[in-house]
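Colleague: generate coordinates for the sequence data below:
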Amino acid sequence: MDALLIALGALMEPARLLLLVAGVVFGLVIGVIPGIGGLFGLTILIPLTYTLDPVAAFALLLGMASVTTTSDTIPAVLIGVPGTVGAAATVVDGHQLAKQGQAARALGAAYSASLIGGLFGALLLALALPVMRPLVLLLNFADLFAITAFGLTLVAMLAGRDPLKGMVAALVGALVAFAGLDPYEGVARWTFGEVYLWDGVPTAIVFLGLFAVPELAGLLAQGRIQAAGAPTDPGGLRRGIGDTLRNLPLVLRSGGLGALLGAVPGIGVTVIEWVAYGDAARRPGKGPAFGEGNIRGVIAPESANNAKEGGSLLPTLAFGIPGSAPMALLLGAFTLHGLVPGPDLLRDEAPFVVSLVLTIALANLIGAGLCLMLTRPLARLALVPAPVLVPVALAFVVLGAFQTTRDPRDFAVLLVFSALGLAMKRYGWSRPALTLGLV
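Modeller: Residues are numbered from 1 along each chain as shown. This next block holds a predicted model:
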């Protein structure tokens, strides 16, 4: 209790609270721009924290990192383009709801589920820190393989009416993932002599190509996001929040999945949200089928991808093993401020560790609150003519692709996977199944 009071007092100092809010706002802006994501934000912010004390520095950094998967819902729902790879599953049902005139409902459900999931992840982080080390040490390669195999079984749920096409798409995704240097023998695989491919095909660009360009092309053909004749939904925001509260068991179960899998190093947010989506698809409830505008298909991945931040911080704090790529960058920030993650940190710097938990919780509260306030004006974007909206969205897509590695060949990869995405959409092949095989 003493550590909690000390941490709360330290974090509530005006300067530190202002840095937390600044980090949240920056994270929300980054989440909206397709393809950039939290890694880009941390790369920019970490050097700026050199002169700050540890509590203020991590208020800024974690404030940003905790909310990029909240605002990435905006492009995912409105234009069918995931703002980050953590919103790919939200696209499937969220964009369908926007086409049906229920953009405000989808956004309201997504933000409220993100808020509850983020708070639940922070709570699980606080409860699990004392027992984290023995649990994570029990996991071995066989356990990680079992989790991966379970994730691939979700292809059956993502393939729609043609499971064979879904399986082939997943295998194509797996083949794309083989490109790069073998991590054990250093042998180049499918690199065609290009140093650019030594680290593999950039995942963010693959997602932008498969989802962004095909959806923007479809939007141009349709004329605007909301289909002609679709009724407006003036009470959509309240309906969306009500949907989340009525599906509270699903929110907590998905949040638990996100926190649990987030604590396992090497399992990215994309796998986590598809696992949560597949789990929800096993109990579709009332309403449309999954993939046709089922609100549970929005709630589950949004709760999971916000809860994973607390989970991925667990192994980072407990013994210096990053639970995700952003946490690997945060390890550098720990070093910058003279902190060594591990049991000694948990024992000797308890108030600081508690301040990290409080930062995640407060960031989710502030981020979700800001997004909820903006839901109604954002939902009106569904009525904006496509010739106005598409060029702006396409500019952000190209910018996001180039920011991945800042190599001109990023544009070539974007073109290749855009063509593949257009073909897959035209002939009814499952793009989510391919991305699941890839990650």
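Colleague: can you tell me how far the residue lying closest to residue 220 once chain neighbours are set aside is from residue 392?
Modeller: Excluding its sequence neighbours, the residue lying closest to residue 220 (Cβ to Cβ, 6 or more residues apart in numbering) is residue 386, at 5.0 Å. All C-beta atoms are positioned from the backbone trio N, CA, C, and that covers glycine. Here residue 386 is placed at a distance of 11 Å from residue 392 (Cβ to Cβ, to the nearest Å).
Colleague: quick one: which of those two has more around it?
Modeller: residue 386 (19 against 11; other Cβ atoms under 10 Å).
Colleague: you'd agree the more buried one is up against residue 218?
Modeller: No: with contact defined as Cβ atoms under 8 Å, residue 386 does not reach residue 218; the gap is 9.3 Å.
Colleague: the nearest residue to residue 181 once chain neighbours are set aside: neighbour count?
Modeller: In space, and not counting its chain neighbours, residue 181 is closest to residue 198: 5.1 Å by Cβ to Cβ, 6+ apart. Applying other Cβ under 10 Å, we find 13 residues neighbouring residue 198.
Colleague: how close does residue 198 sit to residue 400?
Modeller: Applying Cβ to Cβ to residue 198 and residue 400 gives a distance of 22 Å.
Colleague: and what of residue 109?
Modeller: From residue 109 to residue 400 the distance is 25 Å (Cβ to Cβ).
Colleague: more neighbours, the two?
Modeller: Set residue 109 next to residue 400 and count neighbours by other Cβ under 10 Å: residue 109 wins out with 32 against 26.
Colleague: can you show me the helices along the stretch 1-150 of the chain?
Modeller: Listed in chain order, the helices of the stretch 1-150 of the chain (DSSP state H, counting those that start in this stretch) span 2-11, 14-32, 37-45, 54-65, 68-71, 73-79, 88-99, 103-128, 132-137, 141-153.
Colleague: which stretch among the ones you listed comes nearest residue 425?
Modeller: helix 88-99 (12.1 Å; Cβ to Cβ).
Colleague: now the closest one and helix 103-128, what's the angle there?
Modeller: Angle of helix 88-99 versus helix 103-128, following axes from the mean of the first three to the mean of the last three Cα atoms, to 10 degrees, is 150 degrees.
Colleague: what's the mean pLDDT across helix 88-99?
Modeller: In this model, helix 88-99 has a mean pLDDT of 83.
Colleague: which helices and strands sit right next to it?
Modeller: helix 73-79, helix 103-128, helix 269-281, helix 296-319, helix 431-438 (3 or more Cβ pairs under 8 Å, 6 or more residues apart in numbering; DSSP states H and E).
Colleague: if you count contacts, what does the second one end up packed against?
Modeller: If I follow you right, that is helix 103-128. Judged by 3+ Cβ pairs under 8 Å, 6+ apart, helix 103-128 is in contact with helix 68-71, helix 73-79, helix 88-99, helix 236-246, helix 248-262, helix 296-319, helix 350-373, helix 375-379.
Colleague: how near is the residue nearest to residue 181 to residue 187?
Modeller: From residue 198 across to residue 187, the span is 11 Å (Cβ to Cβ).
Colleague: overlap in contacts, those two.
Modeller: Taking Cβ atoms under 8 Å, 6 or more residues apart in numbering as the criterion, residue 198 and residue 187 both touch residue 181.
Colleague: report how many residues lie close to residue 419.
Modeller: By other Cβ under 10 Å, the residues close to residue 419 number 13.
Colleague: secondary structure element for it, which one?
Modeller: Using DSSP states H and E, the element containing residue 419 is helix 409-427.
Colleague: chain neighbours aside, what residue packs nearest to residue 356?
Modeller: Among residues not flanking residue 356 along the chain, residue 58 sits closest, at 5.9 Å (Cβ to Cβ, 6+ apart).
Colleague: apologies, that question was intended for residue 197.
Modeller: Nearest to residue 197 is residue 191, by Cβ to Cβ, 6+ apart, at 4.1 Å.
Colleague: and that neighbour, how far is that from residue 401?
Modeller: 20 Å.
Colleague: ok, now residue 198?
Modeller: Residue 198 sits 19 Å away from residue 401, taking Cβ to Cβ as the criterion.
Colleague: before we move on, back to that, residue 191 and residue 401: who's more crowded?
Modeller: Taking other Cβ under 10 Å, residue 191 and residue 401 do not tie; residue 401 has more neighbours (26 against 17).
Colleague: can you classify that one as helix, strand or coil?
Modeller: Following DSSP: H, G, I helix; E, B strand; the rest coil, residue 401 is assigned to helix.
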